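Participant: what follows is a protein structure lacking sequence information:
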Ligand SMILES: Nc1ncnc2c1ncn2[C@@H]1O[C@H](COP(=O)(O)OP(=O)(O)OP(=O)(O)O)[C@@H](O)[C@H]1O
């Protein structure tokens with residue numbers, strides 16, 4: 001009432017308004033309105049449309065039963081006028097009886113020469129029609145170019161791609177340009193009537209029942225895409241967004257909607273082929289020169305820089321939190337990778353730039369083990385620091401793997417805490433049995449992270465934090481581990497300089513001092529290597545955390561890991577499932593093959 005004071009002059013008007021607003025019925029209406037709004041969001045669908053007749057049948061059945069107490073009670077309930085009315089309203093809503101009835105088609109509408117003309121009347125709502133039109137340059141005829149899946153035109157099932165539009169609301173479209181047609185549509189009030197010459201392929205099977213979901217591996221902003229056929233019909237997305245693909249009939253523009261908007265109309269997104277073509281065109285020819293360089297990450301054995309006591313650096317010792325086995329990162333591999341960054345970006349990008357990866361929903365059951373969390377990033381970026389903070393923040397929840405080594409146990413070390421100390425023979429047997437996710441040699445000794453150590457942490461009911469080179473993710477990229485991959489990315493060089501002023505890091509065996517402060521070259525290498533990793537393995541990353549300020553980065557990682565733990569549905573690669581739905585598999589076979 002306080003808001004009405006300035007508008008109401010007369011005392012009696014004020015009293016009238018007041019009494020009206022205080023009416024119980026008005027309050028009930030508001031409540032109903034709020035309730036409906038809430039339900040609208042959940043998009044409820046009726047189970048059936050004939051509940052009234054079902055209730056009648058049931059009441060008849062009950063009459064033939066003995067008159068036990070429950071039967072009597074149910075019969076009385078079904079006979080109540082309120083209940084009957086409720087069911088009949090329910091059926092009316094289910095059958096959409098509330099929509100305005102369309103007037104009958106006028107007789108003269110069909111006196112056209114063409115015998116295949118059809119008249120389509122659609123009830124006009126606030127929703128756009130969900131169709132695009134085009135003009136045939138030679139004949140001037142107007143055709144339906146595209147029907148958006150889930151839009152009003154699609155739902156009607158009466159208008160199809162390729163249909164020729166002859167009239168809109170009785171106005172002939174002859175010699176009209178597409179832009180003149182919009183005002184014709186806007187002018188109509190409650191219904192829009194089209195005269196159409198149908199296209200031939202009317203019996204085309206609608207694809208919108210197929211549930212094909214993909215995760216986008218690149219950002220797409222239609223407002224910056226001059227080639228999009230219709231700005232308003234496009235869907236913008238960011239890397240990581242999950243989209244439902246509703247049509248791949250057009251090889252250039254697919255139709256999709258966001259997975260969370262399951263009721264919305266589909267929009268256009270660039271097809272896999274289109275995006276690949278675009279990326280290929282962006283790359284200068286000089287970058288395509290093939291060079292036979294094998295990424296050192298694929299070598300079975302390569303140098304390890306290991307054995308720096310973390311206590312000395314961090315003052316904290318946590319079992320298993322040794323320097324990781326992202327082997328030799330600071331030495332040959334890192335530098336080589338940086339050197340060939342441009343080449344590899346060109347080659348990999350040209351062969352298969354990240355587009356979309358098919359995903360399926362995964363609903364975690366309480367009995368399911370936690371997903372394996374894989375942290376990757378260039379050397380020195382702070383992977384271990386984040387791992388250490390996670391462990392300290394909740395040691396009951398997080399665990400890390402204990403590495404294997406063939407070197408002698410030192411006095412202060414314990415078996416199964418710092419390392420598993422094994423013989424060379426045993427280590428090599430493990431290698432042959434493919435039990436290592438990652439291994440290498442340093443100073444004449446083997447070091448490695450075994451699958452067994454991951455199983456051990458998972459069996460304790462903990463979230464296992466694994467820190468490997470991204471080339472090793474494929475070893476655990478299975479439904480058994482359901483890895484959640486977090487890429488730790490360096491910030492811009494200015495921020496690196498600022499935040500790492502006092503940080504010390506472990507460098508390789510070529511350096512005189514194995515623990516030293518970061519140099520300018522280290523920062524450049526770190527950024528270069530991060531770019532290489534993103535180009536080559538970015539399609540495997542579920543999350544990218546920029547490690548500028550360590551406290552912020554840690555908060556983000558922790559919140560993200562908590563979020564996936566609590567999420568009702570998580571999207572995981574379809575490849576992880578053993579028996580994918582045949583339909584979906586068929587329709588997206590061309591999306592697979594990302595590892
Ligand atoms: N955001 C940050 N701000 C300041 N110092 C940081 C930050 N992140 C990490 N550091 C410090 O940088 C050093 C290197 O970090 P860390 O050892 O975690 O790197 P890493 O990615 O595990 O690399 P590597 O595996 O080569 O050791 C450590 O001293 C760590 O405390």
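Facilitator: Everything's here; your move. In this text the structure is predicted, and so the values were computed from the model without any measurement. Numbers count the residues shown, from 1 in each chain.

Participant: from residue 15, how far off is residue 83?
Facilitator: Going from residue 83 to residue 15 by Cβ to Cβ, to the nearest Å gives 39 Å. For the C-beta atoms, the positions are set from N, CA and C on the backbone; glycine is no exception.

Participant: and residue 548, by the same measure?
Facilitator: The value you get for residue 548 to residue 15, if Cβ to Cβ is used, is 62 Å.

Participant: higher neighbour count, these two?
Facilitator: The residue with more neighbours, out of residue 548 and residue 15, is residue 548; 17 against 11, by other Cβ atoms under 10 Å.

Participant: give the closest residue to the more buried one in space, chain neighbours not counted.
Facilitator: residue 491 (3.7 Å; Cβ to Cβ, 6 or more residues apart in numbering).

Participant: where's the one you found, which helix or strand?
Facilitator: Assignment of secondary structure by DSSP states H and E places residue 491 within no helix or strand.

Participant: before we move on, what about residue 498?
Facilitator: Here residue 498 sits within helix 493-499, counting by DSSP H and E.

Participant: please name every helix or strand in contact with that helix.
Facilitator: For helix 493-499, the packing partners by 3 or more Cβ pairs under 8 Å, 6 or more residues apart in numbering; DSSP states H and E come out as helix 520-537.

Participant: which secondary structure elements does the helix it packs on contact?
Facilitator: With contacts taken as 3+ Cβ pairs under 8 Å, 6+ apart, helix 520-537 sits against helix 332-339, helix 341-351, strand 484-489, helix 493-499.

Participant: that's a helix at residue 559, yeah?
Facilitator: Yes - counting by DSSP: H, G, I helix; E, B strand; the rest coil, residue 559 is part of a helix.

Participant: could you check how far it is from residue 552?
Facilitator: 11 Å.

Participant: which of these two has more neighbours?
Facilitator: residue 552 (12 against 9).

Participant: work out for me the element that one sits within.
Facilitator: Residue 552 belongs to helix 550-566 when assigned by DSSP H and E.

Participant: and that helix, what does it pack against?
Facilitator: Judged by 3+ Cβ pairs under 8 Å, 6+ apart, the packing partners of helix 550-566 are helix 383-393, strand 484-489, strand 543-546.

Participant: the shortest one and the ligand, are they touching?
Facilitator: This points to strand 543-546. No - Strand 543-546 stays clear of the ligand (Cβ under 6 Å from any ligand atom), getting no nearer than 9.5 Å.

Participant: tell me the strands beside that strand, with direction?
Facilitator: Paired neighbours of strand 543-546 in the sheet (DSSP bridges): strand 484-489 (parallel).

Participant: ok, residues contacting the stretch of helix or strand residue 457 belongs to?
Facilitator: Assigning secondary structure by DSSP H and E places residue 457 in helix 451-459. Helix 451-459 is contacted from outside by 320, 369-370, 372, 399-404, 420, 435-437, 464, 466, 475-476, 481, using Cβ atoms under 8 Å, 6 or more residues apart in numbering.

Participant: can you name the next helix or strand after that helix?
Facilitator: Downstream of helix 451-459, the next assigned helix or strand under DSSP H and E is strand 463-467.

Participant: any regions of this structure where pLDDT drops low?
Facilitator: Scanning the chain with the threshold set as pLDDT under 70 gives 1, 5, 99-115, 200-210, 283-352, 507-514, 577-595.

Participant: and it, what are its domains?
Facilitator: Following automatic domain parsing, the chain resolves into domains at 1-38, 50-98, 107-197, 212-282, 296-591.

Participant: pretty sure residue 380 sits in a helix.
Facilitator: No - applying three-state DSSP, one finds residue 380 to be coil, outside a helix.

Participant: using the three-state scheme, assign the nearest residue to it once chain neighbours are set aside.
Facilitator: In space, residue 380 comes closest to residue 505 once its chain neighbours are excluded; the distance is 4.5 Å by Cβ to Cβ, 6+ apart. With three-state DSSP as the basis, residue 505 sits in strand.

Participant: residues contacting the nearest residue to residue 234 once chain neighbours are set aside?
Facilitator: Closest residue to residue 234 apart from its sequence neighbours, by Cβ to Cβ, 6+ apart: residue 222 at 3.4 Å. Applying Cβ under 8 Å, 6+ apart, we find residue 222 in contact with 228, 231, 234, 235, 236, 268.
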